[in-house]
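Undergrad: Sharing a sequence plus its predicted fold:
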Amino acid sequence: MTDQMIHKGPEQHSIESVDCIILAGGLGTRLRSEVPDLPKCMAPISGRPFLEFLINYLLQQGIKNFIFSLGYMHEVIEDFLKESYPNLSYKIVIENEPLGTGGAIALACKNANTENVIIMNGDTMFKINISELINYHINNNAQCSLSLKPMNDFDRYGVVEINKDGCIQSFNEKKFYKSGLINGGVYAINRKSFLSIEFPEKFSFEKDYLEKYYNTNTMLGLIQDEYFIDIGIPEDFKRAGIELTL
């Protein structure tokens, strides 16, 4: 909300008590030339699935409970989790048909147990301090908090503008920007607040929630200038094979 003063509070909240939702149900059509027969999150990076790098990063951050939102070729991901992470605490939620990012998040949220949840994409690595995001989100009583990545000379992403108190001011369309803050695709949301909105079964989290409700809900942006890569296109998939294994 633009007229609300936001201040970081001193209270610390345990990241271990927050469920983490990983969206891994996409078709990965842009990556088919490189990875024709796997879900996008299972794309091999030096012989290891991208999802493995993501899970290991989250475990290092202190995440204990996972919810995997799956769809396309979900059996491949389920088999990988059983074999590689037999002791991981997780749930599987399967879209029988594509529900859009919003529908997938809503379905996963209904299966979560915590008041607030972390959400991220299974094809993106943004190495933020998740504990910092959670504390910022909860201490400011936000409905949704976005991790924002500063970027220069880009046209693949839209730009998010915030005011001095961290409140979202606008979401701007994709075009060439000399510099700006992009949505890094890692969110903290208040589950009850999000599920109280009457959405259709299929909807876009970005268009139908973020862009529609940022000026009527307490929606904040936290800048974290950390490593970021999205393997959704062949060029960055190849780059991940170099950078994530260094």
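TA: Looks like it arrived, so ask away. Quick caveat: nothing in here was measured; it's all calculated off a predicted structure.
Undergrad: just the strands in the protein please.
TA: Secondary structure of the chain (DSSP state E): strands at 19-24, 44-45, 48-49, 65-70, 89-94, 116-121, 124-126, 144-154, 159-162, 168-172, 177-190, 219-223, 228-230.
Undergrad: how far is the last one from where the chain is centred?
TA: Average the C-alpha atoms of strand 228-230, do the same for its chain, and the two points are 11 Å apart (CA atoms, centre = their mean, to the nearest Å).
Undergrad: Can you list the strands that it pairs with?
TA: Neighbouring strands of strand 228-230 in its sheet, by DSSP bridges, are strand 124-126 (antiparallel).
Undergrad: distance between the strand it pairs with and the chain's centre?
TA: Computed by CA atoms, centre = their mean, the chain-centroid distance of strand 124-126 equals 8 Å.
Undergrad: what does that strand rub up against?
TA: The contact list for strand 124-126 (CB atoms under 8 Å, 6 or more residues apart in numbering) reads 50, 53-54, 57, 120, 147, 149, 184-186, 224, 226-232, 240, 244. The C-beta positions use only the backbone N, C-alpha and C, and glycine is treated the same way.
Undergrad: Counting neighbours, which of these end up buried?
TA: 50, 53-54, 57, 120, 147, 149, 184-186, 224, 228-232, 240, 244 (16 or more other CB atoms under 10 Å).
Undergrad: what pLDDT does residue 2 get?
TA: Per-residue confidence (pLDDT) for residue 2: 44.
Undergrad: Compute the number of surrounding residues for the residue lying closest to residue 208 once chain neighbours are set aside.
TA: Sequence neighbours aside, residue 102 is the residue nearest to residue 208 in space, at 5.5 Å (criterion: CB to CB, 6 or more residues apart in numbering). By the measure other CB atoms under 10 Å, the count of residues near residue 102 is 22.
Undergrad: show me the contacts for residue 102.
TA: Shown in contact with residue 102 (CB under 8 Å, 6+ apart): 199, 202, 203, 204, 205, 206, 208, 209.
Undergrad: Any chance of the residues you listed in JSON lines with neighbour count as columns?
TA: Compiled in JSON lines, the contacts of residue 102 are given as follows (neighbours: other CB atoms under 10 Å):
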{"residue": "199", "neighbour count": "18"}
{"residue": "202", "neighbour count": "16"}
{"residue": "203", "neighbour count": "20"}
{"residue": "204", "neighbour count": "15"}
{"residue": "205", "neighbour count": "23"}
{"residue": "206", "neighbour count": "16"}
{"residue": "208", "neighbour count": "18"}
{"residue": "209", "neighbour count": "24"}
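Undergrad: Which one of these is nearest to residue 174?
TA: residue 206 (11.4 Å; CB to CB).
Undergrad: ok, that closest one touching residue 101?
TA: Yes. Using CB atoms under 8 Å, residue 206 is in contact with residue 101, at 6.5 Å.
Undergrad: could you dump the contacts of residue 102 to TSV with pLDDT and distance to residue 107?
TA: Listed next are the contacts of residue 102 as TSV, based on pLDDT from 0 to 100; distance: CB to CB, whole Å:
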residue	pLDDT	distance to residue 107
199	95	11
202	95	11
203	96	11
204	96	14
205	96	12
206	95	17
208	97	15
209	97	14
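Undergrad: Now flag whichever of the residues you listed is closest to residue 156.
TA: Proximity to residue 156 was ranked across the contacts of residue 102 by CB to CB; first place goes to residue 206, at 14.4 Å.
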